[in-house]
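In: using only what follows, build the 3D model:
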Amino acid sequence: MASTRIPPPQARDSRDFGQKCAYRENEAEMGRAFAHEFSLGLSTIRSGETRAAAARFSSGPGGPLGLRNPQIRPIQIAVLKCSSRLAASNADRRFVAMLRILTVLFCGAALMSAFSVAHSAEPREALEARLSSDRLGRIESGIYQAGDHISFALDSNGANYLLSFNGVPETFVLHPDSASMGGRVLKYDSGETALQVSGWGALTLYTDADPGGLPAVRTGDFIAPAWPPVSQDEIQNAEQEDASQLGAQDHLTVAFHADWAALAASGQAPAIALDALENVARGIERFCRSAHGHAAFARRVTAVTLAMAGRPTVTLEGKILFVTFNPDLGYEGRASSRSIAFALGMLLSAPKNQS
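Out: Prediction:
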């Protein structure tokens, strides 16, 4: 349509077309930034600057296309003027649309701020308690299957849990601890991880054979059995059997001692004493699986003495290993075989001169 060649557009400085609507919100809070932009936009429209800037743009040197000395037919000039008015009108519409978007965003930010303030009025103790209970993974008592061959039972015991494996006579006490993403970790009394529960309740079992963990699924209900009655003769027979087994399988000479008469006269103490005795024997066998552990135990321990005390402990005096338990605490009153093995590792790790 043009009768002359159009030169490249001449650069124009946007500062020539208005300064009231400037973005200065990079460091401002979201709500304040939107409010500021909205206020600037309204003041710009009311001042007439938008139309004035568009008019200056369209009437500047060379018109909106930056032409110098245009030699264009009248009909073409009319088209260009019409185009400039249309561009100004489009600019106004785009600006108004932008203001509407900013207004919606500002209102949303204001509502979110009001919602946050309303919830902050909730008593701090109640809020913390609710969040604390919500973030812990739910642990359900029952029978579980892990992998293809491991079946185990899990039961609550006060603040702790009881874990027993199918075919294994020992019952372990697990202590819960919080984990990431609202989950929980259940640990043996030795500090090793036994189970991990995700925030949504998925259970993972960790064993010596599968340290990477096996997913476990609940397959049924479980009720922990009560402590069975135990006689003094049963405890003494177990003492002799454990000593014989350690001698035959591990080639260790160990004597077990306890005040069996005192144990027999103390409620459920005989049953817990028998359980503690069996755990000691299993703990010794576990510790002696390594050549270093076997050599250290054979050289430094010749007897095990079982006694009642306020809490379970494992100490070494001379060549006698003293193991205490508290029958009033039930399962939590005696050390597990894992805890016994761990204590032996601590006691026998540094060689000492023996007389």
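
In: which helix or strand in this structure has the lowest average pLDDT?
Out: helix 124-135 (a mean of 48; mean pLDDT, DSSP states H and E).

In: where does the stretch 201-350 of the chain dip in pLDDT?
Out: Low-confidence segments of the stretch 201-350 of the chain (pLDDT under 70): 264-267, 350.

In: what segments of it are helices?
Out: 232-250, 260-264, 269-287, 291-300, 337-348 (DSSP state H, counting those that start in this stretch).

In: now these as CSV including distance to residue 330 and mean neighbour count?
Out: Using the backbone N, CA and C atoms, a C-beta is placed for each residue, glycine as well. Conversion of the helices of the stretch 201-350 of the chain to CSV gives the following (distance: least, C-beta to C-beta, whole Å; neighbours: other C-beta atoms under 10 Å):
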stretch, distance to residue 330, mean neighbour count
helix 232-250, 17, 15
helix 260-264, 15, 15
helix 269-287, 7, 22
helix 291-300, 29, 15
helix 337-348, 15, 20
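
In: okay, the ones you listed in TSV with distance to residue 322 next?
Out: Below are the helices of the stretch 201-350 of the chain laid out as TSV (distance: least, C-beta to C-beta, whole Å):
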stretch	distance to residue 322
helix 232-250	15
helix 260-264	15
helix 269-287	11
helix 291-300	14
helix 337-348	11
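
In: which one, of these, ends up nearest to residue 319?
Out: Smallest distance to residue 319 across those (C-beta to C-beta): 6.1 Å, for helix 291-300.

In: quick one: list the elements packing against the closest one.
Out: On a contact count with 3 or more C-beta pairs under 8 Å, 6 or more residues apart in numbering; DSSP states H and E, helix 291-300 meets helix 269-287, helix 337-348.

In: circling back to that earlier point, state the next helix or strand along the chain beyond the least confident helix or strand of the chain.
Out: Sequence order places strand 142-146 as the next helix or strand after helix 124-135, per DSSP states H and E.

In: residues contacting that next one, please?
Out: For strand 142-146, the surrounding residues in contact (C-beta atoms under 8 Å, 6 or more residues apart in numbering) are 151-154, 203, 205, 214-222.

In: ok, stretch 312-319 next?
Out: Contact partners of stretch 312-319, identified using C-beta under 8 Å, 6+ apart, comprise 276, 300-303, 321-326, 333-335, 339-340, 343-344, 347-348, 354.

In: next, the buried residues of it.
Out: With burial defined by 16 or more other C-beta atoms under 10 Å, the residues of stretch 312-319 counted as buried are 312, 314, 316.

In: also stretch 214-227?
Out: For stretch 214-227, by 16+ other C-beta under 10 Å, it's 214, 216, 222, 227.

In: for that stretch, how far is the first residue from the last?
Out: Stretch 214-227 has an end-to-end distance of 30 Å (criterion: C-alpha to C-alpha, to the nearest Å).

In: do the same with stretch 205-216
Out: Using C-alpha to C-alpha, the two ends of stretch 205-216 sit 6 Å apart.

In: buried residues in it?
Out: Neighbour-count burial for stretch 205-216 [16+ other C-beta under 10 Å]: 205, 206, 213, 214, 216.

In: still on that earlier bit, so can I have CSV of the helices and strands packed on helix 291-300 showing distance to residue 97?
Out: Shown next, in CSV, are the helices and strands packed on helix 291-300 (distance: least, C-beta to C-beta, whole Å):
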stretch, distance to residue 97
helix 269-287, 75
helix 337-348, 69
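
In: nearest to residue 233, of these?
Out: Of the helices and strands packed on helix 291-300, nearest to residue 233 by C-beta to C-beta is helix 269-287, at 10.2 Å.

In: where does the nearest residue to residue 333 once chain neighbours are set aside fall, phi/psi-wise?
Out: The shortest distance from residue 333 to any non-neighbouring residue, by C-beta to C-beta, 6 or more residues apart in numbering, is to residue 326 (3.7 Å). Here is the backbone geometry of residue 326 (degrees, to the nearest 10): phi -120, psi 110.

In: is residue 326 in contact with residue 309, as I believe?
Out: Yes. Using C-beta atoms under 8 Å, residue 326 is in contact with residue 309, at 6.4 Å.

In: between these two, tell me which one has more neighbours.
Out: Neighbours of residue 326 and residue 309, each counted by other C-beta atoms under 10 Å, are more numerous for residue 326; the result is 18 against 12.

In: how far away is that one from residue 186?
Out: 22 Å (C-beta to C-beta, to the nearest Å).

In: do I have it right that residue 166 meets residue 151?
Out: Yes. Shown here, residue 166 and residue 151 form a contact pair, counting by C-beta under 8 Å, at 4.0 Å.
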